[in-house]
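1. generate a structure from the sequence data that follows.
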Amino acid sequence: MEFGVWLRNSRSKLGISTRLLASTCEVSPSYISQVERGHIQKPSLEVARKIMAALAIENAESILKQYGFIEAGDTFIENNDYETKRNQLIEHLSREIQNMDFEQLEAINLFYKYQDMFMKISKVEKHASDLNTKIPMRALSEYIDFLHHKYVVNRLKRIFEMNDEA
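-> The predicted structure follows:
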């Protein structure tokens, strides 16, 4: 059985309209309809999680695994476990940061500085994945070229200029 068929059956059993489900999941009713009819084989994991929450599915993790949204080793974080998991990640990252050398810390700082750009690339990648296109590779390539020029080429230019002045 495909995810769309499962979704239609589950939604119908609960008596939830396509419009209500779409509104709850922050997508259009036509999007839900396309998923149910198989025109969209697999919505994004984010939408799938919203669907699970909207339908109050108790075994959401097993459904997500069954339809290939998450791998067997992955875990699905329920809302009530979010704070616990967040605190565990903070503690883990804190320990890891203590053991990093200067270059590693500098790389993390660079990532933090440009996190908005990475988030935008991630959104483009998700959207392109839903459309089965290769847009994210071009965007990522352009961004890597930008970083290379900014941090390698410009740094080398400054070094050569300082040597020429001396």
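2. residue ranges for the helices of the protein, please.
-> Using DSSP state H, the helices of the chain run over residues 3-14, 18-25, 29-37, 45-54, 60-66, 82-98, 102-113, 115-131, 135-148, 154-165.
3. and the shortest one, what does it pack against?
-> It stands for helix 60-66. Contacts defined by 3 or more C-beta pairs under 8 Å, 6 or more residues apart in numbering; DSSP states H and E place helix 60-66 against helix 45-54. All C-beta atoms are positioned from the backbone trio N, CA, C, and that covers glycine.
4. what angle do helix 29-37 and the helix it packs on make with each other?
-> In terms of direction (axes from the mean of the first three to the mean of the last three C-alpha atoms, to 10 degrees), helix 45-54 departs from helix 29-37 by 90 degrees.
5. I'd like the helices of the chain as JSON lines, with mean neighbour count and mean pLDDT appended.
-> Below are the helices of the chain laid out as JSON lines (neighbours: other C-beta atoms under 10 Å; pLDDT from 0 to 100):
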{"stretch": "helix 3-14", "mean neighbour count": "16", "mean pLDDT": "93"}
{"stretch": "helix 18-25", "mean neighbour count": "17", "mean pLDDT": "90"}
{"stretch": "helix 29-37", "mean neighbour count": "18", "mean pLDDT": "92"}
{"stretch": "helix 45-54", "mean neighbour count": "18", "mean pLDDT": "89"}
{"stretch": "helix 60-66", "mean neighbour count": "17", "mean pLDDT": "87"}
{"stretch": "helix 82-98", "mean neighbour count": "10", "mean pLDDT": "80"}
{"stretch": "helix 102-113", "mean neighbour count": "10", "mean pLDDT": "81"}
{"stretch": "helix 115-131", "mean neighbour count": "13", "mean pLDDT": "69"}
{"stretch": "helix 135-148", "mean neighbour count": "13", "mean pLDDT": "68"}
{"stretch": "helix 154-165", "mean neighbour count": "9", "mean pLDDT": "70"}
